[in-house]
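Novice: What would the 3D arrangement of this be:
(2 chains)
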Amino acid sequence: MEKEKFFYDDKIVKMFAWATVVWGITAFTIGLMVAYLYWFPHYMDGISWLSYGRLRPLHTNSAIFAFVGNGIFAGVYYSTQRLLKTRMASDLLSRLHFWGWQFIILLAAITLPLGYTQAKEYAELEWPIDLLVAVVWVIFTVNLLWTIQKRRVRHIYVAIWFYISTAVTIAMLYIFNNLSLPVSLWKSYSIYAGVEDAVVQWWYGHNAVAFFLTTPILGLMYYFVPKAAQRPVYSYRLSIIHFWTLIFIYIWAGPHHLLYSPVPEWAQILGTIFSFTLIFPSWGGMINGLLTLRGAWDKVREDPILKMFVVAITSYGMSTFEGPMLSFKSLNAIAHFTDWIIAHVHVGTLGWNGFLIMGMLYWMIPRLYKTKIYSVKLINHHFWWGTIGLLLYVIPLYVAGWTQFLMWRQFNPDGSLKYPEFMDTVTAILPMHYLRAIGGTLYLTGALIMVYNLWKTVQGRKVEDTAAEAAPLQPVPAKRAKGEDFHNWLERRGMLFTILAFITVAIGGAVEILPTIFVDKNIPKIEAVKPYSPLELVGRDIYIREGCYVCHSQMIRPFRFEVERFGEYSKAGEYVYDHPFQWGSKRTGPDLMREGGRRPNLWHFSHMYEPSSVMPGSIMPNYQWIVRNDYDASDIQKKMKVLRKLGVPYSDEEIANAPKAVEEQAKAIAADLEANGVKKTAQYVEAYGGQEVDLSKKEVVALIAYLQRLGTDTTKKKETAQK
Amino acid sequence: MIALYLTLFISLVLAVLFLVFFIQSVKGGQYDDAYSPSVRMLFDDDEPAPDEVTDTSEES
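Specialist: This is a model prediction of the structure:
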């Protein structure tokens, strides 16, 4: 058959590669800005859009979707074309994908600091951006599948299977988790409440790790590691098993984020079982990657790119050992809410994703520009800065996590908590946070060396797309040929394969989504639990806007040491009106589930303005704008109507009287503040410059209303019962 | 708890389905030629790739 001549689309690969470099530096820098807030809590004080609660989501989103995302796309566009011997199906779709994705990142970089957020981790982007993500993702998926259909190589190499599963699964996950009803352009409420929202969120959250941070990176591993080592993958057979088992099991692991929570016990156990099982395919893949270097270890000594790959695959092995272990209840009890989890995910992101993507860039960029790397010595430098930075980042955080947990759970012989002040468990681990910030700085330094090296490599070079030639595929009958084995036949049918992968994943998803349809049957209602008052709702939206959930949980586990410290453990029925749920996943500060009525209003006022004034040693940044700014309750009726559609039983009367109710409750809190001498506090004087202000209009009053409500519904009931 | 039984049922069906898939594929000898693609991908480069990474910083 006549060979056809064609060109690979190298331009799109270069675009994504440079975007990876730019967003990588950005994501690391924002991470550092956040890390240094533990050391110098006030260095960005007074700038609302640079506050911890808004920057942290920007850090996670930029690291995942901007840095790793662009890195994946660069690798996918490079390897897919070469593996299938064809140019990407549509240059237009490729460009739409690229610019669409960068536009999404830009919108995220604007809206997250402004406080437009859905307050669900790694799904913070508000609904208009979500829609855009869905559209761009479909463009990518269509382009990928179309390219596979136009391929000139019959066999679909294992890497591409991983890409397909990524494309198909992420689309589904993203859509399901972000289902919400809009109130306005930049405000919406999750259609799920409380426990359901938590289940869907962590089903998504864990699968974002699985199908965004793992499967595509594994695809890149199966392409770039053999390429760089010039050795075939250790066992191609193992890679097939790796793929099938991994996508089947991963979709079930989500509930391990919700152990000891009010999520039904069976779902928690199911999550643990599948999470543990994950160790087998994960380690199969890890060993497969490492053994690819068999007989090439002499190369590893000399080639820093291979060194980076070795660190990446080793990190993959470490975090996929740790993950299953952390899914056991006994270890999860220790790790959950502590820095252990932060260390765990950074082995994955800095080690596995970061090193694999940056190693890939070092290998790919010189080839794209048909040149040699500017300096191998500088790659070596990067390797050591990055590796030492990684270790200095994670080891202190492991220590911090264990230390804090041990302090939380210590009792005196008389049965009282040894460290009743949460603050003591924070100050004890601060030195570990300082070390972490230094580790992060080293890692960023390594990345900056890479920027210089890559820049010098390509400086002034202009190259054309790579030419290639291959014979077109002859049409093959759809039916299985006689004697052809099943998996080969399956691989030939690209579209069929996609559908199968989709069904696999969809069934797994439906199993966990379905319970949410049976809300009333699954969640025992508690009669005493009532919807939030209009002012409390305004306050809750401020809580969401400021990202309080990134440091404060609202979920008390049924442990004696937690109940002793925070109050009665959480029940499913207490969250039925929480759109979205605000359980959080990390306790940098104390749990707030039962904050209501614990402290006077005045304490909260001073605390918001200057936390250390009432809590010496506090590392919480000052939230002065909440004290200074007036709240906006103009859309309160609209918000209540949207929530009513979602099942919150607000009556017509309550909605009609909402503006009045806001005013009345705010006035009562303001009067209480004044009666307790708020005007004499240093915070009041400084905040308003000695001016007389109408306190009942301030955001802080709405937030106090919300905080004082938290967890009181059920405890009030108990008190009345006792009377 | 309808949801509980429903989800358990679906997961069992899924497990059985995959068991069938697995047995069928092993019997069909699906792993017979699970080697050549891994070698082929090493030689699919059409561009004259630099053999190895070489330090050029001192040349310039």
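
Novice: neighbours of the residue nearest to residue A:193 when sequence neighbours are not counted, just the number please.
Specialist: Of all residues not flanking residue A:193 in the chain, residue A:579 sits nearest, at 5.1 Å (Cβ to Cβ, 6 or more residues apart in numbering or on different chains). For every residue, glycine as well, the C-beta is placed using N, CA and C. Neighbour count for residue A:579, taken as other Cβ atoms under 10 Å in any protein chain shown: 24.

Novice: Look up how far chain B lies from residue A:579.
Specialist: In this view, residue A:579 and chain B are 21 Å apart by Cβ to the nearest Cβ, to the nearest Å.

Novice: give the contact list for that residue.
Specialist: A:189-193, A:197, A:643, A:646, A:648 (Cβ atoms under 8 Å, 6 or more residues apart in numbering or on different chains).

Novice: same deal with residue A:287?
Specialist: A:234, A:238, A:317.

Novice: secondary structure class for the residue nearest to residue A:193?
Specialist: Classification of residue A:579 by DSSP: H, G, I helix; E, B strand; the rest coil places it in coil.

Novice: Also the one 3 residues further on?
Specialist: Here residue A:582 takes the coil state, with states given by three-state DSSP.

Novice: Report how many residues lie close to it.
Specialist: 24.

Novice: How about the secondary structure of residue A:189?
Specialist: Per three-state DSSP, residue A:189 ends up strand.

Novice: So what pairs up with it in the strands?
Specialist: For residue A:189, the beta-bridge partners are residue A:181 (DSSP bridges).

Novice: ok, which residues in the stretch 151-300 of chain A are in contact with chain B?
Specialist: Contact residues (Cβ under 8 Å from any Cβ of the partner chain) of the stretch 151-300 of chain A with chain B: A:153, A:155, A:157-158, A:223, A:226-227, A:230-233, A:236-237, A:239-240, A:248, A:264, A:266, A:270.

Novice: Narrow the residues you listed to those in strands?
Specialist: Among these, none falls in strands (DSSP state E).

Novice: What about the residues you listed, which are in helices?
Specialist: Those of these mapping onto helices are A:158, A:223, A:226-227, A:236-237, A:239-240, A:248, A:266, A:270, per DSSP state H.

Novice: which one in these is the model shakiest on?
Specialist: pLDDT is lowest at residue A:248 among these; the value there is 77.

Novice: need the contact list for residue 39.
Specialist: Because you didn't say which chain, this covers chain A. A:430, A:433-434, A:437.

Novice: Let me rephrase: I mean chain B.
Specialist: If you count contacts by Cβ under 8 Å, 6+ apart, then residue B:39 has residue A:232 around it.

Novice: re the thing from before, by neighbour count, which of the contacts of residue A:287 wins?
Specialist: residue A:317 (21 neighbours).

Novice: Pretty sure it sits in a helix.
Specialist: Yes - with three-state DSSP as the criterion, residue A:317 is part of a helix.

Novice: From the contacts of residue A:39, list just the buried residues.
Specialist: A:433, A:437 (16 or more other Cβ atoms under 10 Å in any protein chain shown).

Novice: Dump the contacts of residue A:39 into CSV; add distance to chain B as well.
Specialist: CSV is the format used below for those (distance: Cβ to the nearest Cβ, whole Å):
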residue, distance to chain B
A:430, 42
A:433, 37
A:434, 35
A:437, 32
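
Novice: could you dump the contacts of residue A:39 to CSV with secondary structure?
Specialist: Shown next, in CSV, are the contacts of residue A:39 (three-state DSSP):
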residue, secondary structure
A:430, helix
A:433, helix
A:434, helix
A:437, helix
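
Novice: Okay, now the unreliable bits of chain B?
Specialist: B:1-33, B:44-60 (pLDDT under 70).

Novice: what about residue A:471, distance to chain B?
Specialist: For residue A:471, the distance to chain B - Cβ to the nearest Cβ - is 13 Å.

Novice: Let me see the domain layout of chain A.
Specialist: A:7-369+A:378-472+A:495-510, A:534-593+A:601-722 (automatic domain parsing).

Novice: so which of the ones you listed comes closest to residue B:41?
Specialist: With Cβ to Cβ as the criterion, residue B:41 lies closest to domain A:7-369+A:378-472+A:495-510 of these, at 5.4 Å.
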